[in-house]
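Engineer: Got a predicted structure plus its sequence, pasted below:
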Amino acid sequence: MTPETIAVIACAYFVAAFVKGATGLGFSTSALPILALGVGLKTGMPLVIIPSLVSNSIIMAQAGHFRETLNRFWPMFLATIPGILIGLAVLEMVDSILAGAVLGLVLMNYGAITLFRHGKPLSDKVARGLAPISGFATGLINGITGSQVMPVLPFLLSMRLEPKKFLQAINISFSLSSIVMALGLARLGLMTIETLWISLAGLVPVYLGTKLGTRVRDRMDAETFRKVVLIMLIIFGVILVGKLFATS
């Protein structure tokens with residue numbers, strides 16, 4: 001571990017934690033582009049697991065509504081597990097940077113369209129039917145790319161939940177995904193003792209970044225919050241697509 005590598009990892013943790021605190025999401029998706037350029041995607045994926053779980057826990061404790069959210073969305077959460085397992089199996093067979101670029105295009109298009117065109121909220125009946133599909137697809141994409149936001153993020157946004165209920169639902173999804181990913185990456189030999197120690201040391205910039213970002217979020221109203229989330233999606237997409245050209 002060179003000083004430059006340590007600096008890249010610490011920077012990725014702090015930036016991702018700030019985004020997490022400010023928007024309630026995006027730790028893995030924010031950290032992975034920086035880590036991928038600094039240490040490689042497959043090396044970076046296990047490095048985000050523990051910090052992601054810690055930042056998720058901070059946001060979940062602040063949001064409340066845990067039991068209510070679990071009872072409402074458990075089919076979606078449960079369907080995430082087989083999706084991740086299949087995605088991890090696919091990870092060994094495809095170019096993960098190319099998969100990330102495809103995800104980036106999806107993020108950019110969805111974020112831009114939703115930002116400027118307000119669709120009707122999903123009805124409860126439609127949402128119940130789509131929840132397991134959303135969970136499985138999210139797990140599949142997570143296993144392949146390491147990103148946890150698609151399509152669970154647009155699915156939950158389309159339900160027009162209160163900000164705290166939205167944050168609780170999506171962070172339960174993130175946490176479950178992180179736990180399953182940790183087990184899967186360990187089985188693939190990517191989650192090692194060294195990555196655990198690095199992750200634990202990285203909790204300092206994660207804590208500082210999350211607290212600073214949370215102060216920013218506390219000053220936003222619901223509509224501003226929604227716009228910031230969508231703008232972040234577009235930024236994530238640009239970064240993911242940019243990685244493809246940076247490595248070509």
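Structural biologist: Nice, thanks for sending it over. Numbers count the residues shown, from 1 in each chain.
Engineer: which regions of the protein sit below the pLDDT cut-off?
Structural biologist: For the chain, the stretches with pLDDT under 70 are 1, 96, 110, 113-114, 116-120, 222-223, 225-226, 247-248.
Engineer: other SSEs contacting the helix or strand in which residue 70 is found?
Structural biologist: Counting by DSSP states H and E, the element that carries residue 70 is helix 66-91. Here helix 66-91 touches helix 124-145, helix 163-187, going by 3 or more Cβ pairs under 8 Å, 6 or more residues apart in numbering; DSSP states H and E. From N, CA and C alone the C-beta is placed, and that goes for glycine too.
Engineer: would JSON lines of those with mean neighbour count and distance to residue 16 be doable?
Structural biologist: Formatted as JSON lines, these follow (neighbours: other Cβ atoms under 10 Å; distance: least, Cβ to Cβ, whole Å):
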{"stretch": "helix 124-145", "mean neighbour count": "20", "distance to residue 16": "15"}
{"stretch": "helix 163-187", "mean neighbour count": "22", "distance to residue 16": "12"}
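Engineer: and those helices as TSV, adding distance to residue 85?
Structural biologist: Output for those, formatted as TSV (distance: least, Cβ to Cβ, whole Å):
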stretch	distance to residue 85
helix 124-145	7
helix 163-187	7
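Engineer: So for residue 104, which of those helices sits nearest?
Structural biologist: Comparing the helices and strands packed on helix 66-91 by their distance to residue 104 (Cβ to Cβ), the top pick is helix 124-145, with 9.2 Å.
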